[in-house]
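K.L.:
The following comprises the amino acid sequence and a computationally predicted model.
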Amino acid sequence: MSLLHVALVSEESSISFSELTTVSAALQKQVLQDYYPIWGIKATVNAFHTLNDVPIGTWPIVIMDDIGEPGAEGIHEDKNGQPIALVTFDPGWSLTASHELIEMLTDPDGNRTMPGQSPKKGQGRVEFLVEPCDPSEDTRYAYKINNVLVSDFYTPHFFEPVTAPGVKYSFTGAIKKPRQVLPGGYLSWFDSVSDSWWQETYFGKRKFVNLGSTGRLEGSIRSWIIRRTKPYYKKLEPSAKDMQEINAGVKSAMRSRSARADLWRDRIKELTGRR
């Protein structure tokens, strides 16, 4: 697969460009160090001030103060069918951006499925929508890169028929067996017998939800799923403890970067004779 390009871009947002670049650097590291060795998909992630600055051929993840509708965050399609993600600028925005990035790279068209045994008794083989962050999307399963909170994601082993020793089912190891949905997460699949899309959700308690048939579909399956999941979707929000740890880590990192920058400036003065 060719190298993909993703833009983290501020549009009608009060986010500082410094924070935007800090998160984009963490997401770039996540893609290259954590995601690429598992899924074999490589991408660049760069920050841009506005959509006007985004190069042609780059998929945008757009950070906004108000995306117009609660629960509308997710990957959608532009008029040419290319992916575009919307993320609200709030305390959990880096986790949401990481979630959307991983799923954008894994399934840019929003229609990729994998076969497997249904979690619902009475159903046989079904087709799972490939959304690697949904089953373990809750903040308790997230991890940090450069003090930036990013999302856990499942591996291709997630769809295997049985649990095997030594196999990793998600990057952090939070998912312990194939097709496991953790508290705060969900999993979507199509059952051809009932001609319906189903979900196993774990918002408060575990249950199965029949989303019905797509009928004549306009747009991707993913967008259709997002619209029907939205009424009960739990927004990703770090806890107060998470935020305290993140803020402390950010302040510590800022002190280190500032000290390093002063050393670089001193060296530049030496090299340019401006001392």
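P.N.:
Great, that's in hand.
K.L.:
Let's test this: name the helix or strand in the chain with the lowest mean pLDDT.
P.N.:
Ranked by mean pLDDT, DSSP states H and E, the weakest helix or strand in the chain is helix 240-272, scoring a mean of 68.
K.L.:
How many neighbouring residues does residue 2 have?
P.N.:
6 (other CB atoms under 10 Å). All C-beta atoms are positioned from the backbone trio N, CA, C, and that covers glycine.
K.L.:
Can you show me the helices along the stretch 151-275 of the chain?
P.N.:
In the stretch 151-275 of the chain, the segments counted as helices under DSSP state H, counting those that start in this stretch are 221-229, 240-272.
K.L.:
domains of the chain?
P.N.:
4-238, 239-275 (automatic domain parsing).
K.L.:
Quick check: residue 209 touching residue 201?
P.N.:
Yes: using CB atoms under 8 Å, residue 209 is in contact with residue 201, at 5.8 Å.
K.L.:
wait, isn't residue 217 in contact with residue 225?
P.N.:
No: using CB under 8 Å, residue 217 makes no contact with residue 225, being 10.9 Å away.
K.L.:
So which of those two has more stuff around it?
P.N.:
Counted by other CB under 10 Å, residue 217 and residue 225 do not tie: residue 225 has more neighbours, with 21 against 11.
K.L.:
what about that one, distance to residue 39?
P.N.:
As judged by CB to CB, to the nearest Å, residue 225 and residue 39 stand 20 Å apart.
K.L.:
And residue 213, by the same measure?
P.N.:
30 Å.
K.L.:
between the two, which one's more packed in?
P.N.:
residue 39 (18 against 12).
K.L.:
could you list every residue that touches that one?
P.N.:
By CB atoms under 8 Å, 6 or more residues apart in numbering, the residues touching residue 39 are 105, 106, 132, 155, 156.
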